[in-house]
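Asker: Generate a structure from the sequence data that follows.
(2 chains)
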Amino acid sequence: MASAPSKLYADDVSLLVVLLDANPFFWSASSLPFSKFISHVISFLNSVLLLNQLNQIVVIATGHNCCDYVYDSSSPASRSAGTGKLSALSVDLLEKLEEFVCRDEKLLKKEPEGSIASSLLSGSLSMALCYIQRVFRSGPRHPHPRILCLHGSQDGPEQYVAIMNAIFSAQRSMVPIDSCFIGAQNSAFLQQASYITGGVYLKPQLLEGTFQYLSFLALICILVDSCNCLSPLVLIFAHRAFVTKKLLTWATSVLYACLYSASTTRNVQPVDLFLVSPTQRLPQNLTRKERREIHKPHSLYVCGFFNEVPVC
Amino acid sequence: EDEDDVDGLEAWERAYADERSWESLQEDESGLLRSIDNKALYHAQYRRRLRAASRIQKGLIRYLCIVIDLSRAASETDFRPSRMAVVAKNVEAFIREFFDQNPLSQIGLVTIKDGVANCLTDLGGSPESHIKALMGKLECSGDSSLQNALDLVCGYLEQIPSYGHREVLILNSALSTCDPGDIMETIQKCKKSKVRCSVIGLSAEIFICKHICQETGGLYSVAVDESHFKELILEHAPPPPAIAEFAIANLIKMGFPQRAAENVISICLCHKEARGGGYTCPRCKARVCELPTECRICGLTLVSSPHLARSYHHLFPIAPFDEVTPVLSSSQHKLPKSCFGCQQSLLNPGNRPSLSVECPRCKQFFCIDCDIYIHESLHNCPGCESFR
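Answerer: Modelled structure (predicted):
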């Protein structure tokens, strides 16, 4: 196995492994319907593929009784189907996801006792890490890998040891684990995962804006890398940016342009989200002296709040 | 080196004198070159290693002293660029691997120079301080003295509490040792203090080193080249088997401190300056900067739960996978087409099945690269985790 510092990354190309929570017990009780959530996810995945033709996406579904691969953008089947690459993603993904959910249901042996109905996160994390190792073996230059957990089910305490093993293995291979948690209470496992591997943990306040949250998550990673610093950053966005359609288009196009070009993030602890007006962009506001004075490693704060999230 | 022509070889020729890689190529029946299948060789080696590991009691809280020989013999250049440089580089890699596998343990560094053993760093749990101290002091001179080193190390390890496992790893380059007294007495003292001494030699096999290891229950090995040395030293990173009569089970008190907020300023014990952040000892409320460590005021071992979690895979190892011989399976439709973990195809070009392994519990098939990754780094079987 190659030791971590000797990996060579191709610039600007990323491999995103998405772990999608398809636990029927969670989704039946969730305020956001599964279909709406999937439409957010598909738009987000399409935007990742738009940015660079070499970007790869792999989606692994995490069910209540089993886990499986449901989409791989680099497999030959996904390229030839459909009229174009974009429509192929939604068609392929939805087909396989439906098959997966049926299979998951058939495997149900008994109803889960108590209120905890956890999904098999440790299984899909392990599969994601095996896939990433295969990508590392594929050649001298390979894409930046990241794992993104779109998860909502509660933590299953019986999976603690397995999840910690997976987290430490990800830390050794330098693979950050980001999470967008859509359940009610915070997930301690995913918070640990993001802290230890240097990823980002987000818990959106308003689920209807999930697509924006996912894009912001990507923006955090990009800004850290482009500023090339480990200093505290405060991102401020004007809340009015999301009331009018014009500014919304600007905001999302900026996000498309900076998605995932490199991943050297350190410990990022998002607290909240501020919104800034379009004319104000942070790196140019700080003078050189101010930038040099901010020397705290491990602290990148994204602060702010979401006021109104419109229908896009 | 001043001699340019030794044995009639030019300097550039000497680089290839020992390694003639073209001689290891093989030809098949028709005279065509057969490619060297490194993957299968590596996998066979890995399976042999795995068979040796079984469920035995291991010492997880280890106190290891690394003794580095910086005598005249360490400046020899048979290991390139010099024995000392190779040792330093590999010790750095070893220290990082050691703390990764044994987060609750501590390392101390000792050097032998001019016949005298000096303590380079005290027993501590921070890899960076050890590596910095080592890289700052790399000069060699004088004789080596095994007895002085063992005396010094025994003195340090005597203060360790009884639940800790005491170990010494000597990296010996010299062929002789200059001792002030009877080394056999020192060896008996080590044996009585339950110190396990292992030696890795860089020059040749020496009787006294072998004797030390036999008496104390350690491992003796001699490295033949740089990569072999790296392999040998990394073998000492996983926890060794515990000797039954010495490993008495007892309860160890540990503290799990809370992280203090950044704006709560207090004076920390390690740097003696006022700063925010850090961790507060649950017993005496003293501030420490990083974990794992020992509180200097009340002596409580302070750890956080991920540190303990790093050792769980030693306690709950996964079963080795069974090899699937492609020839025996006559009904080939039974074998799945791709590896369960990474989706790599399990068929060679031409639809002939390649080497694969099967998990005895969940009956899923994996490729051999996933097998190595799962058992060496991940310690989870994706198949067992993906089904209830």
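Asker: residue contacts, the residue lying closest to B:C270 once chain neighbours are set aside?
Answerer: Nearest non-adjacent residue to B:C270, counting by CB to CB, 6 or more residues apart in numbering or on different chains: B:C289, 5.2 Å away. From N, CA and C alone the C-beta is placed, and that goes for glycine too. By CB atoms under 8 Å, 6 or more residues apart in numbering or on different chains, the contact set of B:C289 is B:C268, B:C270, B:H271, B:R275, B:G277, B:G278, B:Y279.
Asker: again with B:R47
Answerer: B:P320, B:E323.
Asker: On the pLDDT front, check it for me.
Answerer: pLDDT for B:R47: 75.
Asker: doesn't it fall inside a helix?
Answerer: Yes - counting by DSSP: H, G, I helix; E, B strand; the rest coil, B:R47 is found in a helix.
Asker: Strands of the stretch 51-200 of chain B, start to end?
Answerer: B:62-69, B:106-113, B:116-124, B:165-172, B:195-201 (DSSP state E, counting those that start in this stretch).
Asker: can I get these in a markdown table with mean neighbour count?
Answerer: Shown next, in a markdown table, are those (neighbours: other CB atoms under 10 Å in any protein chain shown):
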| stretch | mean neighbour count |
| --- | --- |
| strand B:62-69 | 25 |
| strand B:106-113 | 24 |
| strand B:116-124 | 16 |
| strand B:165-172 | 25 |
| strand B:195-201 | 24 |
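Asker: Just send those back as JSON lines, with mean pLDDT and distance to chain A too.
Answerer: Putting the strands of the stretch 51-200 of chain B into JSON lines (pLDDT from 0 to 100; distance: least, CB to the nearest CB, whole Å) gives the following:
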{"stretch": "strand B:62-69", "mean pLDDT": "94", "distance to chain A": "18"}
{"stretch": "strand B:106-113", "mean pLDDT": "93", "distance to chain A": "19"}
{"stretch": "strand B:116-124", "mean pLDDT": "90", "distance to chain A": "22"}
{"stretch": "strand B:165-172", "mean pLDDT": "93", "distance to chain A": "21"}
{"stretch": "strand B:195-201", "mean pLDDT": "94", "distance to chain A": "21"}
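Asker: Please name whichever of the ones you listed is nearest to A:V161.
Answerer: Across the strands of the stretch 51-200 of chain B, A:V161 has its closest neighbour in strand B:62-69 (21.3 Å, CB to CB).
Asker: Run through who's touching the closest one.
Answerer: For strand B:62-69, contacts defined as CB under 8 Å, 6+ apart pick out B:87-88, B:91, B:94, B:98, B:102, B:105-112, B:117, B:120, B:123, B:134, B:144, B:149, B:153, B:156-157, B:160, B:164-174, B:239.
Asker: A:L129 reaches B:E385, doesn't it?
Answerer: No - if you go by CB atoms under 8 Å, A:L129 and B:E385 don't touch, sitting 11.1 Å apart.
Asker: of those two, who's got more company?
Answerer: Relative neighbour count places A:L129 above the other of A:L129 and B:E385, with 30 against 23, counting by other CB atoms under 10 Å in any protein chain shown.
Asker: now A:D178, what's its secondary structure?
Answerer: Three-state assignment for A:D178 (three-state DSSP): strand.
Asker: Specify the beta-bridge partners of it.
Answerer: Assessed by DSSP bridges, A:D178 has beta-bridge partners A:L148.
Asker: residue contacts, the residue lying closest to B:G108 once chain neighbours are set aside?
Answerer: Nearest non-adjacent residue to B:G108, counting by CB to CB, 6+ apart: B:L123, 4.1 Å away. With contact taken as CB under 8 Å, 6+ apart, B:L123 is in contact with B:Y63, B:C65, B:Q106, B:I107, B:G108, B:Y156, B:I160.
Asker: again, only this time at 10 Å
Answerer: Contact partners of B:L123, counting by CB atoms under 10 Å, 6 or more residues apart in numbering or on different chains, are B:63-65, B:105-109, B:156-157, B:159-160, B:164, B:294.
Asker: Same question for B:K58.
Answerer: For B:K58, the contact set (CB under 10 Å, 6+ apart) comprises B:N102, B:H165, B:P238, B:P239, B:P240, B:P241, B:A242, B:A247, B:S311, B:H314, B:L315.
Asker: circling back to that earlier point, what's the closest of the contacts of B:C289 to chain A?
Answerer: Closest to chain A out of these is B:G277 (9.2 Å), distances taken as CB to the nearest CB.
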